[in-house]
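A structural model of the following input is requested.
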Amino acid sequence: MIRWLIIIFLALLIINGLSNLLERIGLGRLPGDFRFRFFGREIFLPFASTVLLSVIAALIAKFV
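Purely as a prediction, here's the structure:
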């Protein structure tokens, strides 16, 4: 169980570090990605980008 938590934590760190690069290529601006502004804070919910990255990861895992 602890291994999965570490893997998920590291994956989130990597994705967070690459978020600027991913926004440049169009992820984060897809039609299913929502941005809200509440009390001066911006909340970002990347539903469509998450689904797209999951499909890409599944395809890579299938061929590996």
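
Now for P31: which residues touch it?
By CB atoms under 8 Å, 6 or more residues apart in numbering, the contact list for P31 reads A48. C-beta: built from backbone N, CA, C; applies to glycine.

give me that answer again for 6 Å
With contact set as CB atoms under 6 Å, 6 or more residues apart in numbering, P31 has no partners.

Ok, L12 next?
Contacts of L12 (CB under 6 Å, 6+ apart): none.

any idea how far the helix-or-strand element of the chain with minimal mean pLDDT is from the chain center?
Ranked by mean pLDDT, DSSP states H and E, the weakest helix or strand in the chain is helix 19-24, scoring a mean of 79. The chain centroid and the centroid of helix 19-24 are separated by 10 Å, computed with CA atoms, centre = their mean, to the nearest Å.

next structured bit after it?
Using DSSP states H and E, the helix or strand that follows helix 19-24 in sequence is strand 33-38.

Contacts for that following strand, please.
Against strand 33-38 from outside (CB under 6 Å, 6+ apart): I43, F44, L45, P46, A48, S49.

Since that was my last question, I'll sign off now.
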